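A.B. asks: Kindly return the folded structure for what I paste below:
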Amino acid sequence: MSKNTVDVVLIGGGVMSATLGTLIKEVQPDWSIEIFESRTQVATESSNAWNNAGTGHAALCELNYMPEGKDGSLSAAKAIEINEQFQLSRRWWSTLVKRGILREPSSFINPTPHMTFVTGEANVDYLRRRYELLKKEPLFADLEFSDDPEVIAEWAPLLIDRRAKDQVFAATRSESGTDVDFGAVTHQLIDHLVREGAKLNLGTEVRKLRRRSDGTWDVFTRNRSGYGRRVVNAKFVFVGAGGGALHLLQSSKIPEIKGFGGFPISGKFLKTDNPEIVREHKAKVYGKAAVGAPPMSVPHLDTRVVDGKEAILFGPYAGFSPNFLKKGSWWDLPGSIRLHNLGPMIKVGLTQWSLEKYLLGELLASREKQMDTLREYMPTARTEDWEMITAGQRVQVMKKDPEKGGILQFGTEVITGADGTIAGLLGASPGASTAVHAMLGVLQKCFPEQFENSWRKTFQEQVPSFGEGVNHDPAAAAKSLAETAETLGLVRDPAPKQVEA
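C.D. replies: Below you'll find the model as predicted:
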């Protein structure tokens, strides 16, 4: 085996590694970086455009960021937090566009209204109260509400066409929403890193991590063909391998990973690129999750722009596979079980009956039942216009809980070693949309002295709202949204839209 020493090893060729590597190169251009990706190209798993919703999560339409309390109360805190985190990504991307690091904005981000659509009096009441609370917040200033069929038909005709006239429904819309191709962002950032001297190893699998006595890490790799074994010695390791992260963090034996397990949920989408249908729908329309469904399974009828071509996705439909990656192994789930996480995993299994019932129902659902779910949002949907595609695997975090013994967490979890020489990312949504926030957090925690003494100034020049936010200041929020919209080509034509009768 050959061995060499580098400053940084990034495991996984997804948007998280690409973002972290680019941030590091901004402040430490002299640091050597090696990237390891097990597939033959980057961004093939969760960062791939067809493996995620590409929403640009800003909580404009996703109801799971603003759940209703048992007493009917609502809080905008989480929605504001998610929106602020996405604004960091928007601002950073706009900075990179100006410098030519990211290419033509339409290659990775496009203006796409975000909508929420609900039916039934109780849901309409909830949506109205949500709107009344959010419209007071500067980052949600353009949010609109309507329960008028004619207005909603102007926003998204397919929601209303042939809908029962006696049905109660309502919608909200924000025209500042976006559709993001995170695969394109990943490719462009990694291309930049390679130009700046980073070494990209494709088709190379990281097998395990081992800490040396001097605090550095030996990274054991092999070519996917089984040949070309190497041991790379790294001063800092980031495990951004999606579903593969848990296994590698376990192999590192850092105490911080104890008690963590993973529960994989696969997703499927109905897809159409029929020009007549695509022409009638220009929005991302989110609904309300079914009882027992995980937040990542909130139904949505999405406009997608990938490689300049438009399509519409509807889903996700949940499935189950023990794989932790779309191209993973059936051994992933059983192979992740350890004595330290067995208790929490059993506890989750015994308490998540609603989720288990939901998954069983999804697995047994017929094609016609799947289409019936689509028709709840698009009454005119015809089976022959839609094909089923398999999206990415999402590995939900299971971890110890002092009170419950074990809990299932539907968010993103950053695991950091105590000495700051290793970090990894577990979990799913909101994920890619908040990559800049998450990776700045990794740098802040792993390199506290460098961060405060020199790096912070650079990052705040690139992202002025970092550490402060903009929602508390209406003028700052409006300015930030306007500036990034202009740079990223998100400014809309102010002329009124012509809606066909």
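
A.B. asks: Every contact and neighbour count from this point should use C-alpha atoms.
C.D. replies: Will do.

A.B. asks: The lengthiest strand in the chain packs against which elements?
C.D. replies: In the chain, taking DSSP state E as the definition, the longest strand is strand 387-401. In terms of contacts (3 or more C-alpha pairs under 8 Å, 6 or more residues apart in numbering; DSSP states H and E), strand 387-401 is packed against strand 261-272, helix 339-351, strand 405-409, strand 422-427.

A.B. asks: And for it, what's in contact with it?
C.D. replies: Residues from elsewhere that reach strand 387-401 (C-alpha atoms under 8 Å, 6 or more residues apart in numbering): 45-46, 50-52, 242-243, 259-272, 323-326, 341, 344-345, 348, 406-411, 413, 426-428.

A.B. asks: Identify the neighbouring strands of that strand in the sheet and state each direction.
C.D. replies: According to DSSP bridges, strand 387-401 forms sheet pairs with strand 261-272 (antiparallel), strand 405-409 (antiparallel).

A.B. asks: burial of E121, as a residue count?
C.D. replies: Neighbour count of E121, defined by other C-alpha atoms under 10 Å: 13.

A.B. asks: Quickly note the distance from it to F324.
C.D. replies: 39 Å (C-alpha to C-alpha, to the nearest Å).

A.B. asks: Kindly reformat the helices and strands packed on strand 387-401 as JSON lines containing mean neighbour count, distance to E137 and mean pLDDT.
C.D. replies: Compiled in JSON lines, those are given as follows (neighbours: other C-alpha atoms under 10 Å; distance: least, C-alpha to C-alpha, whole Å; pLDDT from 0 to 100):
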{"stretch": "strand 261-272", "mean neighbour count": "22", "distance to E137": "33", "mean pLDDT": "88"}
{"stretch": "helix 339-351", "mean neighbour count": "17", "distance to E137": "36", "mean pLDDT": "86"}
{"stretch": "strand 405-409", "mean neighbour count": "20", "distance to E137": "28", "mean pLDDT": "84"}
{"stretch": "strand 422-427", "mean neighbour count": "25", "distance to E137": "29", "mean pLDDT": "92"}
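
A.B. asks: right, so of the ones you listed, which gets closest to F117?
C.D. replies: Proximity to F117 (C-alpha to C-alpha) singles out strand 261-272 among the helices and strands packed on strand 387-401, at 18.4 Å.

A.B. asks: Please export the alpha-carbon coordinates of the helix or strand just after the closest one; PDB is fine.
C.D. replies: Counting by DSSP states H and E, the element after strand 261-272 in chain order, helix or strand, is helix 275-278. C-alpha atoms of helix 275-278 as PDB (Å, rounded to 0.1, in the frame of the first residue of the first chain):
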ATOM      1  CA  PRO A 275     -44.900  19.300 -22.800                       C
ATOM      2  CA  GLU A 276     -48.600  20.000 -22.500                       C
ATOM      3  CA  ILE A 277     -48.600  19.200 -18.800                       C
ATOM      4  CA  VAL A 278     -45.200  20.900 -18.000                       C
END
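
A.B. asks: For the helix or strand just after helix 275-278, which outside residues touch it?
C.D. replies: Downstream of helix 275-278, the next assigned helix or strand under DSSP H and E is strand 284-286. The contact list for strand 284-286 (C-alpha under 8 Å, 6+ apart) reads 55, 61-63, 112-117, 298-303.

A.B. asks: list the contacts for D302?
C.D. replies: Contacts of D302 by C-alpha under 8 Å, 6+ apart are 53, 283-285, 312-314.

A.B. asks: so which of those comes closest to T221?
C.D. replies: Nearest member of the contacts of D302 to T221, counting by C-alpha to C-alpha, is A53, at 31.7 Å.

A.B. asks: which SS state does that closest one fall under?
C.D. replies: Per DSSP: H, G, I helix; E, B strand; the rest coil, the secondary structure class of A53 is coil.

A.B. asks: Phi and psi next, for it.
C.D. replies: With angles defined as degrees, to the nearest 10, A53 sits at phi -80, psi -20.

A.B. asks: show me what contacts it?
C.D. replies: Neighbours of A53 in contact, by C-alpha under 8 Å, 6+ apart: D302.

A.B. asks: Show me what the lowest-mean-pLDDT helix or strand in the chain is packed against.
C.D. replies: Within the chain, no helix or strand scores below helix 353-364, which has a mean of 79 by mean pLDDT, DSSP states H and E. For helix 353-364, the elements it packs on are strand 309-319, judged by 3+ C-alpha pairs under 8 Å, 6+ apart.

A.B. asks: Okay, and the beta partners of V395?
C.D. replies: P264.

A.B. asks: any idea of the pLDDT on it?
C.D. replies: Looking at V395, its pLDDT is 85.

A.B. asks: Repeat that for D214.
C.D. replies: If you check D214, the pLDDT there is 93.

A.B. asks: How many residues are close by it?
C.D. replies: Neighbours of D214 under the rule other C-alpha under 10 Å: 7.

A.B. asks: how about it, phi and psi?
C.D. replies: phi -90, psi 10.

A.B. asks: Kindly report the same for the one 3 residues further on.
C.D. replies: Recorded main-chain torsions at W217 are phi -120, psi 130, according to degrees, to the nearest 10.

A.B. asks: For it, give its distance to V206.
C.D. replies: W217 sits 12 Å away from V206 when distances are taken as C-alpha to C-alpha.

A.B. asks: To which secondary structure element is the residue nearest to T172 when sequence neighbours are not counted assigned?
C.D. replies: Ranked by C-alpha to C-alpha, 6 or more residues apart in numbering and with sequence neighbours excluded, the top spatial neighbour of T172 is F145, at 4.3 Å. F145 belongs to strand 144-146 when assigned by DSSP H and E.

A.B. asks: Quick check: neighbours of that strand in the sheet, parallel or antiparallel?
C.D. replies: If you go by DSSP bridges, strand 144-146 pairs up with strand 169-174 (antiparallel).

A.B. asks: Double-check R207 against L248; I have them as touching.
C.D. replies: Yes - here R207 reaches L248: they are 7.3 Å apart, a contact under C-alpha atoms under 8 Å.

A.B. asks: and those two? which has more neighbours close in?
C.D. replies: Neighbours per residue (other C-alpha under 10 Å) separate R207 from L248, with L248 holding more: 22 against 13.

A.B. asks: Now that one: which helix or strand?
C.D. replies: Counting by DSSP H and E, L248 is found in helix 245-252.

A.B. asks: Run the angle between that helix and strand 387-401 for me.
C.D. replies: Put simply, helix 245-252 runs at 40 degrees to strand 387-401, going by axes from the mean of the first three to the mean of the last three C-alpha atoms, to 10 degrees.

A.B. asks: what's the spacing between the longest strand of the chain and its chain's center?
C.D. replies: Between the centre of strand 387-401 and the centre of its chain there are 11 Å (C-alpha atoms, centre = their mean, to the nearest Å).

A.B. asks: what's the answer for stretch 91-102, then?
C.D. replies: Counting by C-alpha atoms, centre = their mean, stretch 91-102 is centred 20 Å from the centre of its parent chain.

A.B. asks: Show me what that stretch is in contact with.
C.D. replies: For stretch 91-102, using C-alpha under 8 Å, 6+ apart, the contacting residues are 103-105, 185, 188-189, 192, 436, 462-463, 480, 484, 487-488.

A.B. asks: Got a ChimeraX select line for the buried ones in these?
C.D. replies: The ChimeraX command for the buried members of the contacts of stretch 91-102 (criterion: 16 or more other C-alpha atoms under 10 Å) is given here:
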select :103,105,185,188,189,192,436,462,463,480,484,487,488
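
A.B. asks: Which of the contacts of stretch 91-102 sits closest to G13?
C.D. replies: Closest approach between these and G13, by C-alpha to C-alpha: L189, at 10.4 Å.

A.B. asks: What separation is there between that closest one and F108?
C.D. replies: Between L189 and F108 the computed distance is 11 Å (C-alpha to C-alpha).

A.B. asks: repeat for V185
C.D. replies: The gap separating V185 from F108 is 6 Å, by C-alpha to C-alpha.
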